[in-house]
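>>> pasting the structure only:
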């Protein structure tokens, strides 16, 4: 039996929530889209293996990943019995642009337009999405993906990408601003519309002590789809 690691990397580019994929370089399923995966070496921990594989296949390094689940269906790999431990992460795409290489045709795909994936990789992605939705509902992780200055439409787009559901613009803005954690800026982002949208910054002092106002921001995430 072989032990493998697969990396599920979600990213946000300011507009869309995306998933990083590569083209598999060997048989079976050579040339098809895949998560970043490989076998654990004898002297590696699972975490070390995940970091090595991600860097070798995409160029990305210093990405914090959390262990998600072990996929152990007997026939998940048609060649040999293989157990895969998945690791997942959520990053700001723009911060890692310069690291990403094209050795294995790595490409960001919007979550709404994912191609067909090898083996059980789609099941892995779906489980990772569920964990992401849970974390976004009960932990203020979304601000880690946004630039220092961001607009309310950008923030709404990120939430909609995570939950796969459209949200009412006015209601969303009202709820977000009612938390008291955002500081309105004087300048606007004008590329998206003629009127432009005001930038906001996170009030980091309040954020440290009052981030609970963002918990339960999504009242029932399981009913959004």
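Arrived safely, thanks for sending. The shown structure was predicted, so the numbers you read here are calculated from the model rather than taken from an experiment.
>>> In the chain, mark out all the strands, start to finish.
Ranges of strands in the chain, per DSSP state E, are 2-12, 17-23, 33-34, 36-39, 66-71, 82-92, 107-110, 150-151, 182-189, 197-202.
>>> Let me know the angle separating the last one from strand 182-189.
Between the axis of strand 197-202 and that of strand 182-189 there is an angle of 140 degrees, by axes from the mean of the first three to the mean of the last three Cα atoms, to 10 degrees.
>>> tell me which residues in strand 197-202 are buried?
Of the residues in strand 197-202, 197, 199, 200, 202 count as buried by neighbour count, 16 or more other Cβ atoms under 10 Å. In this view, the C-beta of every residue, glycine as well, is placed from N, C-alpha and C.
>>> possible to save the strands of the chain as JSON lines with distance to residue 209 and mean pLDDT?
Shown next, in JSON lines, are the strands of the chain (distance: least, Cβ to Cβ, whole Å; pLDDT from 0 to 100):
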{"stretch": "strand 2-12", "distance to residue 209": "26", "mean pLDDT": "96"}
{"stretch": "strand 17-23", "distance to residue 209": "28", "mean pLDDT": "96"}
{"stretch": "strand 33-34", "distance to residue 209": "43", "mean pLDDT": "97"}
{"stretch": "strand 36-39", "distance to residue 209": "38", "mean pLDDT": "96"}
{"stretch": "strand 66-71", "distance to residue 209": "25", "mean pLDDT": "97"}
{"stretch": "strand 82-92", "distance to residue 209": "24", "mean pLDDT": "95"}
{"stretch": "strand 107-110", "distance to residue 209": "35", "mean pLDDT": "96"}
{"stretch": "strand 150-151", "distance to residue 209": "21", "mean pLDDT": "93"}
{"stretch": "strand 182-189", "distance to residue 209": "15", "mean pLDDT": "91"}
{"stretch": "strand 197-202", "distance to residue 209": "13", "mean pLDDT": "92"}
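>>> Save these as TSV, and put in distance to residue 163 too.
Converted to TSV, those look like this (distance: least, Cβ to Cβ, whole Å):
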stretch	distance to residue 163
strand 2-12	13
strand 17-23	10
strand 33-34	24
strand 36-39	25
strand 66-71	19
strand 82-92	14
strand 107-110	14
strand 150-151	18
strand 182-189	20
strand 197-202	21
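>>> re the thing from before, tell me the one of the buried residues of strand 197-202 nearest residue 9?
Nearest to residue 9 among those: residue 202, at 23.6 Å, using Cβ to Cβ.
>>> what pairs with that closest one across the strands?
residue 182 (DSSP bridges).
>>> Please tell me how far it sits from residue 81.
47 Å (Cβ to Cβ, to the nearest Å).
>>> So which bits of stretch 101-112 are buried?
Quick answer for stretch 101-112 (16+ other Cβ under 10 Å): 104, 106, 108, 111.
>>> actually stretch 116-123, sorry about that
For stretch 116-123, by 16+ other Cβ under 10 Å, it's 117, 118, 119, 120, 121.
>>> Which ones among these map onto helices?
With DSSP state H as the criterion, helices contain residue 121 from among the buried residues of stretch 116-123.
>>> Same list, the buried residues of stretch 116-123, but as CSV with distance to residue 67 and pLDDT please.
What follows is those, written out as CSV (distance: Cβ to Cβ, whole Å; pLDDT from 0 to 100):
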residue, distance to residue 67, pLDDT
117, 20, 97
118, 21, 97
119, 19, 96
120, 17, 97
121, 17, 98
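>>> Among the buried residues of stretch 116-123, find me the one that's closest to residue 191.
residue 117 (33.0 Å).
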